[in-house]
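Asks: sequence and predicted structure, then a few things I'm wondering about:
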Amino acid sequence: LQILKMMGKAVETMWAGRDKFGSDGKLLEKSARAVLRGDIHGRVYKIGANQASSPTVMHSSLNCTDAVSAIRGQCICPFDFTAAYVQGKQKPSEQVLARAPPSFRTYDERGVEILWLMQAPLYGQVDAGAIWNRTFDEFATAPKPEGMDYVRSLNDPCIYSRKDKKDASVSTIPLYVDDGRLYFDNTEGGWKHFKEDKAMLEKRFTLKFGDVNPEEDYMLGANRISKDLNVVQIKAASYIKKQVDRYAGGDVSVSAERPASWSYTPSGPELMEEWEKAMATRASADAKLKEEYQSLYGALLHAQKFRPEISATLNLCASCLTFPTEGLLRCLKRVLVYLGRSPNLGVTFNGKHPGGKKPVAYADANWTTTRATSGFCILLAGAVISSGCHRQHCITLSTCEAEIIALSEAAKDVVYLRKFISGLGD
């Protein structure tokens, strides 16, 4: 009956290749897989946004887990699911009728094409991510022995935590699609639970575990360096190098075009001058300039997560994305050069930092006659776990009023992060 309902809904597939690179940018492996034509699948099977949406872990959540791990002196073990989407457990109503890729199609003795009734989601399937997320969530939160007995965070649906009732040891799993980490206390109970969790994951899924407590780990464009369980550094050295190679030909040395002053700060007085000129005229830019400007801005935006000092510069440049100027493009190139000359800077969480066990927040505002700019940062274990910089939504009449708004915006993030951190064991 299910197959009959699918008649006339066969979705095309195609054969796709993929290169996987390491943190140093070197090719690790080449792979290929059959993928579903998602554009056809979504239209033919009428997959809505709610069915297709799946969460991913937030950057501030990863920072919090690393900060808490430094405070608790936790161990860490990275893992990677192999072809995660294919391991999703789908419902009968989510099954798809598919055609084999061109050159791989077969026919029966009558010359009728043989179609595939998919028993698992394929990459490219519009709801494959949601199915995989549901599959892992059900296993992680199910009580033992059927599952791992973790609790899904109410503040970030991709963070799972468990505090043992007997030995009070804490385990945490942040998950980004198919990449995850297992944090656990460096105690007898913590190691016992880690071995149990590892065995359960290996029994249920196909995945690869890395070394326990690696000195360097790479995830989501960030290098995690830890030679001491109480000290964790997060930096974007590998990502920055890739962008320097892409946008500057790998050369950020001092020259007339790239003065030495660019090594010390991400911007100078010329930023405000160029920004005010652009905002005053809002002149349309040619397509080539606009493409180059928007591309470089997008690349720098990811680095901002690990280098909050470039936030103010990018915030101003963001308001001119549709009408950039050569002067503003030069300001973005300065940010790139600044990062390229200091790739090893980042945030360092120190579990033994004085007062580091309590979150500390700072906020300020840059008042102007138009809309002021708010900026804030929240620290835990001596380093930034969350920061923000953006223009305020209203015009204020004094510096005091602008700063109150900035404090209010910071306070909202503090309330959220306090609830989130409390769910990580303490």
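Replies: Good, I have the coordinates. Numbering: from 1, shown residues only.
Asks: contacts for the helix ranked longest in the chain next, please.
Replies: As assigned by DSSP state H, the longest helix anywhere in the chain is helix 399-422. The contact list for helix 399-422, computed with Cβ atoms under 8 Å, 6 or more residues apart in numbering, reads 60-61, 64, 68, 153-156, 159, 359, 361-367, 372, 374-376, 378, 380, 385-386, 388, 392, 394, 396. No exception for glycine: its C-beta is placed from N, CA and C like everyone else's.
Asks: just the buried residues of it, please?
Replies: Neighbour-count burial for helix 399-422, counted by 16 or more other Cβ atoms under 10 Å, picks out 401-403, 405-407, 409-410, 413-414, 417, 420-421.
Asks: and stretch 260-273, by the same measure?
Replies: Using 16+ other Cβ under 10 Å as the test for burial, stretch 260-273 gives 262, 266, 267, 271.
Asks: one more: stretch 155-172?
Replies: Buried residues in stretch 155-172, counted by 16+ other Cβ under 10 Å: 155-164, 169-172.
Asks: what sits closest to residue 206 if chain neighbours are left out?
Replies: Spatial nearest neighbour of residue 206, excluding adjacent residues (Cβ to Cβ, 6 or more residues apart in numbering): residue 82 at 4.6 Å.
Asks: list the contacts for that neighbour?
Replies: By Cβ under 8 Å, 6+ apart, residue 82 lies in contact with 206, 207, 208.
Asks: circling back: quick one: which two of the buried residues of stretch 155-172 are the most distant?
Replies: Within these, 157 and 169 form the most distant pair, 23.5 Å apart (Cβ to Cβ).
Asks: how near is residue 401 to residue 371?
Replies: Remark: distance between residue 401 and residue 371 (Cβ to Cβ, to the nearest Å) = 12 Å.
Asks: let me redo that: residue 400
Replies: In terms of Cβ to Cβ, residue 400 sits 16 Å off from residue 371.
Asks: kindly report the same for residue 339.
Replies: Following Cβ to Cβ, the distance that separates residue 339 from residue 371 is 28 Å.
Asks: between the two, which one's more packed in?
Replies: Counted by other Cβ atoms under 10 Å, residue 339 and residue 371 do not tie: residue 339 has more neighbours, with 26 against 15.
Asks: thought residue 306 was touching the more buried one, still the case?
Replies: No: at 9.7 Å, residue 339 does not count as touching residue 306 under the criterion of Cβ atoms under 8 Å.
Asks: which residues do these two both contact?
Replies: Taking Cβ under 8 Å, 6+ apart as the contact rule, residue 339 and residue 306 both touch residue 236.
Asks: before we move on, back to that, can you select the buried ones from the contacts of residue 82 in PyMOL?
Replies: To isolate the buried ones among the contacts of residue 82 in PyMOL, judged by 16+ other Cβ under 10 Å, type:
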select buried, resi 207
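Asks: of the contacts of residue 82, which is the nearest to residue 300?
Replies: Distances from residue 300 to these, taken as Cβ to Cβ, are shortest for residue 208 (31.8 Å).
Asks: could I get the contacting residues of that closest one?
Replies: 79, 80, 82.
Asks: 10 Å instead, please
Replies: With contact set as Cβ atoms under 10 Å, 6 or more residues apart in numbering, residue 208 has these partners: 78, 79, 80, 81, 82, 202.
Asks: the helix or strand where it lies - what's its average pLDDT?
Replies: Here residue 208 sits within strand 207-209, counting by DSSP states H and E. The average pLDDT within strand 207-209 is 95.
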